[in-house]
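Novice: This is a predicted model, with the sequence first.
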Amino acid sequence: MTSTIAAAPVVTTTASSRGLIRELTRAQRRLLLGGVLLGVGGVVSTLVQPKLVAHLIEAVSGNRPVAGLITLLAVLFVADAALSATQGYLIGRAGENIVRDARVLLSRKVLRADLAHLNAQRQGDVHTRLVGDTALMKIALTQSLAQIVLNGLIVVGGTVMMALIDVWLLLVTVGCLGVASVASIWVARGLRKAALVNRADTGAFGADLQRVLSALPTVKAANAEGREEDRLAERADQARRSGNRVTILNALLSPVLNVGLQASLAAVMGLGMARVATGSLSVADFTAFTMYLFYLVSPLVLVFLSIGTYQQGRAAVQRVDELNGIPQEDTPGPGDGSAAPVPRPAPDGGHPAVEFREVGFGYGDRPVLNGVSFTIPRRGLTALVGVSGAGKTTVFQLIERFYRPGDGAVILDGKDIAHLSPAEIRGRVGYVQQDNAAMRGTLRENIVYAAPDAGDADIAEAVELAGLTEMIAGLPDGLDTLLGDQGIGLSGGQRQRLCVARALLQKPAVILLDEATAHLDSDAEAALRDSLRRIADRCAVVAIAHRISTVVEADRIVVLDSGRVRAVGTHQQLIQGDELYRRLAAAQFADGALAGPGAEKPPSGGKPSIGKAVAPNLPTAGVAR
């Protein structure tokens, strides 16, 4: 049975989102609480003002002193402004802190995510969630919630004060506003759904954009600019269409509510003036009631606008929470989430550097490895060979525990890697990838990336072993030479040797070289082979190579075929005993000649060179020419 690599589970539950909100806001509770308390002070100041105006009107009508009331009103106006400004600062600062915490949290989750699940995500969409959606979270979790709470308090407080002045006028007001409020809530719910679709469409555009930018030379070489432009335009149109739906629903919120407010104002003015004329309502009370109604207009509009913004923010929170729920690679157990396997003891009489025991693995329904077993000695060069798709790179990824086997076990230094931490595994294993990952920065920064505390002597040794000394000496800035994204500024072979130096600087027990000589010329390849022989004297070196010349002097060669170990031996043993290896080797030499221990000397009598000595008893049938 092979393991199945599936997409990360989508976490969409409201309870999960609430948990993320609590986690992010917990550290900012002082700022948020302070902002809310200041806002409450501002609400009290606002609600007192109409009542004081009523008292001022009564004082003027009764020829009583008004200086004190005017002074108190001025103080309240200034206090209201100061409290509002301070409250806005505290809430805004809390929002920025929440965005920072969210980005740090998600960055940690992405960097430590299980690769099988992370690779199922679109990388551009992951970027959008980390950057764009976290920014929207700030608005939802701070500004919008604060506006809803504080303006809601003004609405409630104003309604209570209006009830104390005249219940009948209040009932007329509530009746008109109630219909508008129900319609606004319906619009707000639709806004949240539309916003979620728009965020997904925006993420899809970002994913396609990143895909094109990461392979721009390939796009240009294939004359595919026009096709990619059309594809990106289609994605942009899709985001625009869903964005327009958000815009329409957002634009409807204020007009729907304003209709109710205008109807309320008209009804209150008509009914109130009639009651003033009959003497059942004083001018002062009518003025105060009208002021409260005017005071409710802006807060009520802001409440519903904030609800709309909060709904958009909730869509962002949901998308961020999905990313927050991505499985982490340090979770015990195989990739399917089952419990960790029982530890397997090391073989009697010591143990090899790496051992595969009946390992099975697959990507979804496509099996890659089936019952693979072999060992890698603690010293020497071991090579993995086989046709494309035989599972060679998968073997390396299982050793690094980028993926977990579905069956069997991978043993590192006598321990099942299922029970080792990622840091422990990768501290013992150096890995040179096939695609030569170099990053923006100096040569020195790239070389010491896995060992940032390395000294100059160690750096010089790694550079020498990787064959970079002469190249670096010829650069004006030496190790401080700046490289562009993906190592722009170096040739493919130079980037490859840089990655070899990076792996050597870790001083690992095992070095994995995935096509490490793919971009090297014959001289550079010969130099690297000499380096590998020296490196193999002190640690295990495992190399994947399509070039037989790279592994012809390997101490052990493992031949993989259709996900199984076909044969194990030296070059000469495999030439004589395995048809597949013989065909792989012969196909790489135009004259059908092969090198290896025991090979015949060339006619000139000189020493046999790689690819030039004649292999004994090599049948010509099936040999590629």
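Specialist: Noted; the coordinates are in hand. This one's a predicted model, so the numbers in the text were calculated from it and none came from an experiment.
Novice: Please enumerate the strands of this structure.
Specialist: According to DSSP state E, the chain carries its strands in the segments 354-363, 366-376, 380-385, 407-412, 415-416, 429-432, 441-442, 482-483, 510-514, 540-544, 556-561, 564-569.
Novice: so what pLDDT did T517 get?
Specialist: The predicted local confidence for T517 comes out at a pLDDT of 68.
Novice: before we move on, back to that, now render the strands of the chain as TSV, adding mean neighbour count, mean pLDDT and distance to T71.
Specialist: The way it works is simple: take the backbone N, C-alpha and C, and place the C-beta from them, glycine included. Below are the strands of the chain laid out as TSV (neighbours: other Cβ atoms under 10 Å; pLDDT from 0 to 100; distance: least, Cβ to Cβ, whole Å):
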stretch	mean neighbour count	mean pLDDT	distance to T71
strand 354-363	21	92	78
strand 366-376	19	91	82
strand 380-385	24	91	88
strand 407-412	21	92	80
strand 415-416	19	91	80
strand 429-432	25	87	76
strand 441-442	14	84	64
strand 482-483	16	84	66
strand 510-514	24	89	81
strand 540-544	26	90	85
strand 556-561	22	92	90
strand 564-569	17	92	93
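Novice: Same list, these, but as JSON lines with distance to G492 please.
Specialist: Supplementary listing: the strands of the chain in JSON lines, determined by distance: least, Cβ to Cβ, whole Å:
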{"stretch": "strand 354-363", "distance to G492": "27"}
{"stretch": "strand 366-376", "distance to G492": "27"}
{"stretch": "strand 380-385", "distance to G492": "22"}
{"stretch": "strand 407-412", "distance to G492": "30"}
{"stretch": "strand 415-416", "distance to G492": "36"}
{"stretch": "strand 429-432", "distance to G492": "13"}
{"stretch": "strand 441-442", "distance to G492": "18"}
{"stretch": "strand 482-483", "distance to G492": "13"}
{"stretch": "strand 510-514", "distance to G492": "14"}
{"stretch": "strand 540-544", "distance to G492": "17"}
{"stretch": "strand 556-561", "distance to G492": "25"}
{"stretch": "strand 564-569", "distance to G492": "31"}
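Novice: Where does the prediction get shaky in the stretch 201-350 of the chain?
Specialist: Scanning the stretch 201-350 of the chain for pLDDT under 70 picks out the ranges 214-218, 221-222, 253-254, 257-258, 260-261, 312, 330-350.
Novice: What segments of it are helices?
Specialist: Listed from the start of the chain, the stretch 201-350 of the chain has helices (DSSP state H, counting those that start in this stretch) covering 216-221, 225-278, 283-324.
Novice: how many neighbours does R583 have?
Specialist: Burial measure for R583: 15 neighbouring residues, criterion other Cβ atoms under 10 Å.
Novice: Likewise for D230?
Specialist: Other residues within reach of D230, judged by other Cβ under 10 Å, total 10.
Novice: Any figure for the gap between A195 and I139?
Specialist: The spacing between A195 and I139, counted by Cβ to Cβ, to the nearest Å, is 12 Å.
Novice: More neighbours: which of those two?
Specialist: When neighbours are counted by other Cβ under 10 Å, A195 and I139 differ, and A195 comes out ahead with 26 against 19.
Novice: if I pick the more buried one, what's in contact with it?
Specialist: A195 makes contact with 246, 311-312, 314-316 under the criterion Cβ atoms under 8 Å, 6 or more residues apart in numbering.
Novice: Taking the residues you listed, tell me the two that lie furthest apart.
Specialist: The largest distance within the contacts of A195, taken as Cβ to Cβ, falls between V246 and R314 and amounts to 13.1 Å.
Novice: closest one to V60 among the strands of the chain?
Specialist: Among these, strand 441-442 comes nearest to V60, with 74.5 Å by Cβ to Cβ.
Novice: Tell me which other helices or strands that closest one touches.
Specialist: Contacts defined by 3 or more Cβ pairs under 8 Å, 6 or more residues apart in numbering; DSSP states H and E place strand 441-442 against strand 482-483.
Novice: quick one: contacts of the strand it packs on?
Specialist: Outside strand 482-483, the residues that touch it by Cβ under 8 Å, 6+ apart are 438-443, 446, 489-490.
Novice: which of those residues has the most neighbours?
Specialist: Taking other Cβ under 10 Å as the neighbour criterion, L443 ranks highest of these with 27 neighbours.
Novice: and that residue, how far is that from V552?
Specialist: The spacing between L443 and V552, counted by Cβ to Cβ, is 31 Å.
Novice: For the stretch 401-550 of the chain, which segments count as helices?
Specialist: Shown for the stretch 401-550 of the chain, the helices assigned by DSSP H, counting those that start in this stretch span residues 422-428, 443-447, 456-465, 469-473, 492-505, 522-536, 548-551.
Novice: Turn those into CSV, columns for distance to L252 and mean pLDDT.
Specialist: Compiled in CSV, the helices of the stretch 401-550 of the chain are given as follows (distance: least, Cβ to Cβ, whole Å; pLDDT from 0 to 100):
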stretch, distance to L252, mean pLDDT
helix 422-428, 51, 85
helix 443-447, 53, 87
helix 456-465, 64, 88
helix 469-473, 64, 86
helix 492-505, 55, 82
helix 522-536, 67, 77
helix 548-551, 68, 74
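Novice: and those helices as a markdown table, adding distance to I511?
Specialist: Output for the helices of the stretch 401-550 of the chain, formatted as a markdown table (distance: least, Cβ to Cβ, whole Å):
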| stretch | distance to I511 |
| --- | --- |
| helix 422-428 | 10 |
| helix 443-447 | 15 |
| helix 456-465 | 11 |
| helix 469-473 | 19 |
| helix 492-505 | 6 |
| helix 522-536 | 7 |
| helix 548-551 | 14 |
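Novice: among these, which is nearest W168?
Specialist: Shortest distance between W168 and those, using Cβ to Cβ, is found for helix 422-428: 71.2 Å.
Novice: Show residues contacting that closest one.
Specialist: Helix 422-428 is contacted from outside by 112, 329-330, 400-401, 412-413, 417, 506, 508-510, using Cβ under 8 Å, 6+ apart.
Novice: Name the nearest of these relative to D458.
Specialist: Taking Cβ to Cβ as the measure, D458 lies nearest Q506 of the contacts of helix 422-428, at 10.1 Å.
Novice: For G427, see how far away the closest one is.
Specialist: Taking Cβ to Cβ as the measure, Q506 and G427 are separated by 7 Å.
Novice: what about those two, which has more around it?
Specialist: For Q506 versus G427, the count of surrounding residues by other Cβ under 10 Å is larger for Q506: 19 against 16.
Novice: Contacts only, for the more buried one.
Specialist: For Q506, the set of contacting residues under the criterion of Cβ under 8 Å, 6+ apart consists of 427, 430, 450-451.
Novice: can you rerun that using 10 Å?
Specialist: Applying Cβ atoms under 10 Å, 6 or more residues apart in numbering, we find Q506 in contact with 426-431, 449-451, 454, 462.
Novice: Need these in CSV (columns: distance to A183).
Specialist: CSV is the format used below for those (distance: Cβ to Cβ, whole Å):
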residue, distance to A183
R426, 58
G427, 62
R428, 65
V429, 63
G430, 65
Y431, 60
Y449, 58
A450, 60
A451, 64
A454, 67
A462, 70
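Novice: Thanks again, I'm all set now.
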